[in-house]
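**Q** my questions concern the predicted model and sequence given below.
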Amino acid sequence: MTQAAPLARRVLRHGGYEAAAMLRNGEQLVLAVALPLLALAGLVATPLLDGFGPSRIDTAAPGVLALCVMSTAFTGQGIATGFDRRYGVLRFLSTTPLGRSGLVFGKAAAVAVVLALQVVLIGGAAVLMGWRPELAGLPWAVLTFALGAAAFTALGLLVAGTLRPEATLAVTNLLWIVLAAAGGIILPAAGLPAAVEPFVRILPSSALGDGLRAAFLEGSFHPLSCLILLGWAAVASAAAVRWFRWS
Amino acid sequence: MHHTAAALVIEGLTKDFGPVPSLDGRMVRVLDGVHLEAAMGSVTAILGANGAGKTTTLECAQGLQRPTAGTVRLLGENPHRASPRLRARVGVMLQDGGLPPSVKPMALLRHVASMYADPRPVDELAERLGIDDFGGTSIRRLSGGQKQRLALACALIGRPEVLFLDEPSAGLDPQSRTIVFELIKELRAAGLAIILTTHLLDDAQKLADYVYIMEGGRTVAQGTVADLTAGAAPENFRELRFQSVPGLEIPPGLLPHLHRAEPEPGHYLVSGALTAADFAALAQWWDSEGILPVAVSMAPRSLEDVFLDIAGRSIR
């Protein structure tokens, strides 16, 4: 009788396949690598972050890593999923042994692979530029980073599964720009006008940025950030399960 | 029933879509009590006009749509939320292909193959379907027929026991069509259940062991091609076609018991219980009018007649 490949192999193969597709895509590389590197250089060259930490690069690097999460898990993954949905790829793959859950786990695996590469590349560049992260905070950083990736992946899937792909493209790119500029991700919410600060603080972008900065600047755990990210991940996942349309 | 072992059993399948905003938020009933069975080792064709409900029936059978009411058993299981074990035994070719445009055909085929424990050898299947000729070209640059062959390969790569083909001959050139039809016959001989939809009566006539005709979300007729074409028609039912100048008026007094039509300009169809005397009368009329048709043919009742009788409208 015909058999499916083992679950782990299906998910890993699909993760590798989707990761390769992301890395082949030129626009995706601009978003995942070029723009974060530009942001890093810009933040070090300008006094924007002065006063938030011991040095510009130490304050900038965690925020730029948070930006990478938004690029890959939300914008890149959302756009790819939106077009896969348009072309019937999601429907076809869900009829194979991969199935719907395998597809989602495969996409999450692809996001993890691309994020790992980004951490090496962007983190490496930051270290070359003088970044000295507080290594005691590494476990907290990893936890926050993973929660941020989960929240933004779920949000990306929610947008991709409910809007047309053109709208997904517009919305995820626009949100990337708006949140990068004023979402508390690179520039801490504390530096924003008092009227908007409380609202920005509950955004996943701000929580991810704050959590990573707390871990890498002070070596400390920022439980509120993790709770906010967990909340976004839970709500977005539940909404995606409820409203995601496969065709 | 007609089969030895049922691969698919559908009973009382109803599917509503909506609410549809342009219909004041009402639901639309797309399937209304479909009954259908498909046997292992045979080709079951679902025939119908666009919008008859063929694709929705297949999607419910594949587990892509959840039925509003009724039951679907695919290899004895409910296909909605099917286990990977069940999905490994079922191959699906969707109407729109479901192929990612930026990927290359051979890479996609290898990826789909990796989902199965013991897939068919990729190179062998690719060669059989002529995919190796364009294996390195992005899918977005392929012709409709090339995409169709690739989608078929993706459906077959896991050695399925049940194969769903939604409009398999759409976009195929005559040569590809021959290759695909030969393959379908071979798979049937190997014991697969093949369930296909088509709006081409010729496909059904050539391939199907058993035919369901759908109309307005229901299965309105079923049977083997021989059963359906024999039907209530007399033994001497014939379709007589001839081709001549357009716009000829067959006199009302000539062959009054036969159905006459000019489906295309210059192409005439006379059908019904035909005798040699009718044929002679027609030839006499040609002679008196000074007509010599460029082509004359006679054939028994076709699936098209059956379909037109049942559906009451053209599906071409």
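**A** That came in fine, so what should we check first?
**Q** and the helix or strand of chain A with the lowest mean pLDDT, how far out from the chain's middle?
**A** For chain A, using mean pLDDT, DSSP states H and E, the weakest element among its helices and strands is helix A:26-29, scoring a mean of 88. Put simply, helix A:26-29 sits 15 Å off its chain's centre (CA atoms, centre = their mean, to the nearest Å).
**Q** and the residue of chain A nearest chain B?
**A** Residue nearest to chain B within chain A: A:Phe92 (2.8 Å; CB to the nearest CB). Yep, even glycine has a C-beta here, placed from its N, CA and C like the rest.
**Q** which residues does that residue contact?
**A** Contacts for A:Phe92 (CB atoms under 8 Å, 6 or more residues apart in numbering or on different chains) come out as B:92, B:94, B:97-99, B:151, B:154.
**Q** most surrounded residue in these?
**A** B:Cys154 (28 neighbours; other CB atoms under 10 Å in any protein chain shown).
**Q** what's the neighbour count on the residue nearest to B:Ala82 when sequence neighbours are not counted?
**A** Computed as CB to CB, 6 or more residues apart in numbering or on different chains, the closest residue to B:Ala82 that is not its neighbour in sequence is B:Gly63, at 4.9 Å. Neighbour count for B:Gly63, taken as other CB under 10 Å: 23.
**Q** swap in B:Glu127?
**A** The number of residues packed near B:Glu127 is 13, by other CB under 10 Å.
**Q** pretty sure it is in a helix, no?
**A** Yes: the assignment for B:Glu127 (DSSP: H, G, I helix; E, B strand; the rest coil) places it in a helix.
**Q** I figured B:Lys206 was touching B:Ile184, is that so?
**A** No: using CB atoms under 8 Å, B:Lys206 makes no contact with B:Ile184, being 9.5 Å away.
**Q** and the next helix or strand past the helix or strand encompassing B:Asp203?
**A** Using DSSP states H and E, B:Asp203 maps to helix B:201-207. For helix B:201-207, the following helix or strand on the C-terminal side (DSSP H and E) is strand B:210-215.
**Q** outside of that next one itself, which residues are in contact with it?
**A** B:2-3, B:34, B:36, B:38-39, B:42-49, B:52-54, B:57, B:204, B:219-225, B:228, B:303, B:306-307, B:310-311.
**Q** please pick the buried ones from these.
**A** Neighbour counting by 16 or more other CB atoms under 10 Å in any protein chain shown classes B:3, B:34, B:36, B:38-39, B:42-49, B:52-54, B:57, B:204, B:219, B:221-223, B:225, B:228, B:303, B:306-307, B:311 among the contacts of strand B:210-215 as buried.
**Q** from those residues, which land in strands?
**A** B:34, B:36, B:38-39, B:42-48, B:219, B:221-223 (DSSP state E).
**Q** and the closest residue to A:Gly53 other than its chain neighbours, what does it touch?
**A** Nearest residue to A:Gly53 in three dimensions, chain neighbours excluded: A:Thr59, at 3.6 Å (CB to CB, 6+ apart). A:Thr59 is in contact with A:43, A:49, A:52-53, A:213, A:217, counting by CB under 8 Å, 6+ apart.
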